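J.: Below are the sequence and a predicted model for it; my questions follow.
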Amino acid sequence: MIEVSNYDYFDYDYAQYWKRRKYEDAAEKLILKKIFQRKKGDWFIDIGGSYGRLTETYYKNYSHPIILDYSLKTLQKNYSILKKQYPNIELIAANAYHMPFKEDSFDGGLMVRVLHHILEPGVYYKELRRIMHNGSTYVQEFANKRNLKASLRAITHLNFKYFSNKPYQQPTAKNFEGTKQGEEAIFLTYDPNHVKQLLTSQKFEIINKYGCSYLRSASLKKILGDEKMINTEKVLQKLLKTTNIPPSVIYETKLSGDYTQKNPQTLQEILVCPKCNGNLKFKENSAHCPVCNLEFKKEANVWDFRID
């Protein structure tokens, strides 16, 4: 079993985290809106989408958007708020390594602020390729190991091993975010070339590379304020787009190959057992896999397809 980050352990409120990060939020949305304004499609998946922070960036361009997250409590807590603002949204609790969808289901997808919690990205990308159809758009954000600040720190400390291609486990405090009591958090930063290799190995072609959050600094926030930082960010995103300077990098990708249109109209048409990928037998608020003999429940309007 691959360890996962479970934000339900300590009732972690991810929305509160973002209330203090107006600049970072705006920086990411600038790029995502630019990407998705050029896209149109039916089924879309926001992997690790939590309380729906980024829904505004893609909702108008895809008719059937889904937020998938491992935190059932977060999805249930925010269900009513999201459905009021985005009536077509669906919320599903599931493991990103075992997603409950048929092959070739999605026209678009993204993962933002999540890859640092993915212990086995190769396994994840294999599963991602299974559920995305050829020609689909996938957007991947990740914590950039090669950012300027981290690279200078490594050189100063003569830590030249830091510059290997391998993901770097960030030092974290105990009981950090989605961990069991007394354990270290999974918090990995990635070399952009390593992420590129992982994506291309599963036939995701890199279309564009974007740098993000160039000015991420508590000191700069106090000096400049959010508005000046956001305006400066707009300029830096254009001038330094393809560099590895910022702490966050975003890849816009396209899954290679020809696609045969399927056009499923309902959620049940694309749902399968997350363990065996077999068909499910549905009742009003439950789904049964006859092969695995597993029962999945819909509680407080959210499907729970999490498996160990």
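T.: Done, it's in. This structure is a prediction, so every number in the text was calculated from the model and none was measured.

J.: Give me the pLDDT for residue 64.
T.: On the pLDDT scale, residue 64 is placed at 97.

J.: Quick check: most distant residue from the centroid of this protein.
T.: Distance from the C-alpha centroid of the chain peaks at residue 158, with 33.0 Å (CA atoms, centre = their mean).

J.: residue contacts, it?
T.: Applying CB atoms under 8 Å, 6 or more residues apart in numbering to residue 158 gives no contacts. Every residue, glycine included, has its C-beta placed from N, CA and C.

J.: which residues sit in contact with the residue lying closest to residue 52 once chain neighbours are set aside?
T.: Nearest-residue entry for residue 52: residue 82, 4.8 Å, with adjacent residues in sequence omitted and distances by CB to CB, 6 or more residues apart in numbering. Residues counted as contacts of residue 82 (CB under 8 Å, 6+ apart) are 51, 52, 55, 67, 89, 91.

J.: Which single one of those residues is nearest to residue 34?
T.: residue 55 (16.4 Å; CB to CB).

J.: and the closest residue in space to that closest one that isn't next to it in sequence, how many residues sit next to it?
T.: Excluding the flanking residues, the one nearest residue 55 by CB to CB, 6+ apart is residue 86, at 5.5 Å. For residue 86, the neighbour count with other CB atoms under 10 Å is 16.

J.: ok so, going back, if you rank the contacts of residue 82 by neighbours, which is first?
T.: residue 67 (28 neighbours).

J.: Tell me the bridge partners for that one.
T.: For residue 67, the beta-bridge partners under DSSP bridges are residue 46, residue 91.

J.: for residue 286, same thing?
T.: Going by DSSP bridges, residue 286 forms beta bridges with residue 297.

J.: Could you verify my assumption that it touches residue 297?
T.: Yes. The criterion here is CB atoms under 8 Å, and residue 286 meets it with residue 297 at 5.5 Å.

J.: Going along the chain, name the helices of the protein.
T.: 14-19, 22-36, 72-85, 121-131, 148-156, 192-201, 218-239 (DSSP state H).

J.: quick one: pLDDT of the residue nearest to residue 55?
T.: Looking at residue 86, the pLDDT reads 98.

J.: before we move on, what about residue 44?
T.: Taking residue 44 on its own, its pLDDT is 98.

J.: mind showing which ranges of the stretch 51-200 of the chain have poor pLDDT?
T.: 172-183 (pLDDT under 70).

J.: Any figure for the gap between the closest residue to residue 253 other than its chain neighbours and residue 116?
T.: Nearest residue to residue 253 in three dimensions, chain neighbours excluded: residue 204, at 4.1 Å (CB to CB, 6+ apart). When CB to CB, to the nearest Å is applied, the distance between residue 204 and residue 116 equals 19 Å.

J.: If anything else comes up later, I'll come back, but that's it for now.
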